[in-house]
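Trainee: structure of the sequence below:
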Amino acid sequence: MQQAGDLGSPLTERIIKTVGRGGPGSSPSPARSSGGTPAPSGPPKTPAPATDVKKIASVPLPDDEESEPYASSDSDAQLPLSPGQQPAPPTTSGSSSSGSGGSQGLWLFAMLSVVATLLIGVLLVPCADAGLYSAVRTPNYEHLCKELVRAHGRTADAAWHLYAQAAERAAELHSKLPPPAQQLLARARCAVEDAHAAALPLLSKPLAEAQQRLLPVQERALRVWRQATREAFTRLAPLLEAALAHAAAPSPIPIACISQADFLGLLDQSPAVQQHGQELWHAAARQVASKRKAPVWVITCGSEAEHLAVVGGLFSAASSFFRIEGAAYSLPDHAGTLQAELVGYLKTDPAGLVLVAQPDRLHPNSVAVLNAAMSEGGHLQMHGVPVATERALYVVLLEGVSSGAEGEAAVKDQLTRAMTEADPDAGDDAAAIARSFRRRLDAVLPARRLP
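Mentor: Coordinates of the predicted model:
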């Protein structure tokens, strides 16, 4: 508890001091004794009304210039923290560093974009210069330039079409304007044309003089640049061709219906045939990806036993298969049936195995269906919808033929003659279809010899 002589809070002390010094609406305070008790000096005083209190609060205190008794003399001194208050974390340069890092990344991206644009522009310069084009002309670069010219033509046509549409729309909007607005636009156009005609003579003479002065320098610089560019492109042509070939090469599409080991196990086990089979296997993956042509391989069997062994091995190792027996499609109206069945199978398994047995008994109409499926970019139609056929593996089996003794060309010629004779009434059409079938045969491989 506070004693009687304690002044209390600073505000209380200030009010008491003011009242004691004769503030407005108050009398001098009585003197205090040494014990802190005021001395009696007459009758008790009546309390001041509430208005006097308001006046006291509005009058400036005489000790306003004095420092507060509880204020610190050092304004920068840190006040003690409450138990639950945490000090403010020190400021770091993380935000500024992140901002500078973002600006540096943006600047680097802009510089890389400029360099890439300049590099692409330099590489495409020969497409517009016949002299440089002859120095760097390669198959892949020629294809690139042709595609670029074709894209430029399409872009120019589209731009002209848009310009024509915009001009037509502007003319239509102009015709809908009221006559005063049309007259105002016509006067403004005349003013612009007159200003242009007046400024043209003033600008043409200085421009002509500047062009006359710069013409020798321009010709000399152009000649030096063309010579340097020709030499650079001549040296870089092999590297450029290799880079374009690598970039244009699609990812190989491997054969999926049967494994390489299982297929090579059906062939003759001589090192030459096995090596040739491995090369064909890898080449087929690139052929399907680049040319969109299905691999078509002929397997020659010297006897019926070898034929049955190859058929059994294919059926047991392949994930799925579709077998075409020539005798089942030997009539003219069998071609539609063959196409429907083959399309149905390829829709179910586009990368399946198609086995063609007895090809010499196929009718030319049925052979034409196979030609469409085996050609580059070939496909078959089903109800007007194209069905891709290039991912399947086509194996043609020939019985009673030894490719090792007669050679690959002889086997193809023999098969062509047999297919031509399948329908003597077809005449030249049958021969043309058989020759087309021959061109689609990629290789001839001998079957594994049985003891």
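
Trainee: now do the helices in the stretch 301-450 of the chain.
Mentor: With helices called from DSSP state H, counting those that start in this stretch, the stretch 301-450 of the chain shows them at 304-317, 334-348, 364-374, 403-406, 408-420, 428-439.

Trainee: out of the ones you listed, nearest to A199?
Mentor: A199 sits nearest to helix 364-374 of all the helices of the stretch 301-450 of the chain, at 68.0 Å, using CB to CB. Any C-beta I mention is one placed from the backbone N, CA and C, and that applies to glycine too.

Trainee: quick one on the thing from earlier: what's the least confident stretch among the helices of the stretch 301-450 of the chain?
Mentor: Across these, helix 403-406 has the smallest mean pLDDT, namely a mean of 54.

Trainee: for the chain, longest helix please?
Mentor: The single longest helix within the chain, with elements called by DSSP state H, is helix 179-248.

Trainee: C-terminal to that helix, what's the next element?
Mentor: Next in sequence after helix 179-248, counting helices and strands by DSSP states H and E, comes helix 260-265.

Trainee: tell me the helices and strands packed up against whatever helix or strand comes next after that following helix.
Mentor: Downstream of helix 260-265, the next assigned helix or strand under DSSP H and E is helix 271-290. Contacts defined by 3 or more CB pairs under 8 Å, 6 or more residues apart in numbering; DSSP states H and E place helix 271-290 against helix 260-265, strand 443-446.

Trainee: what is the orientation angle of helix 271-290 with helix 179-248?
Mentor: Here the directions of helix 271-290 and helix 179-248 differ by 170 degrees (axes from the mean of the first three to the mean of the last three CA atoms, to 10 degrees).

Trainee: one step back: which among the helices of the stretch 301-450 of the chain is found nearest to V288?
Mentor: Closest among those, using CB to CB: helix 364-374, at 11.9 Å.

Trainee: listing request: residues of this protein with sub-threshold pLDDT.
Mentor: Counting by pLDDT under 70, the chain has low-confidence residues at 1-102, 119, 121-123, 131-132, 134-137, 246-249, 402-406.

Trainee: apply 80 and report the result again.
Mentor: 1-105, 115-149, 152, 225-226, 229-250, 378-379, 401-406, 422-427, 451 (pLDDT under 80).

Trainee: give the contact list for C127.
Mentor: Contact analysis of C127 by CB atoms under 8 Å, 6 or more residues apart in numbering lists 133, 144-145, 148-149.

Trainee: let's see that with 7 Å instead.
Mentor: Neighbouring residues of C127 by CB atoms under 7 Å, 6 or more residues apart in numbering: 133, 145, 148-149.

Trainee: that one: what secondary structure?
Mentor: helix (DSSP: H, G, I helix; E, B strand; the rest coil).

Trainee: make 291 the first number, not 1, from now on.
Mentor: Okay, using 291 as the starting number, the last item reads as C417.

Trainee: quick revisit: let's see which of the contacts of C417 end up in helices.
Mentor: Short answer: those in helices (DSSP H) are 423, 435, 438-439.

Trainee: count of neighbours near the nearest residue to I545 once chain neighbours are set aside?
Mentor: Excluding its sequence neighbours, the residue lying closest to I545 (CB to CB, 6 or more residues apart in numbering) is L683, at 5.4 Å. The tally of other residues near L683 (other CB atoms under 10 Å) stands at 23.

Trainee: that'll do, ta.
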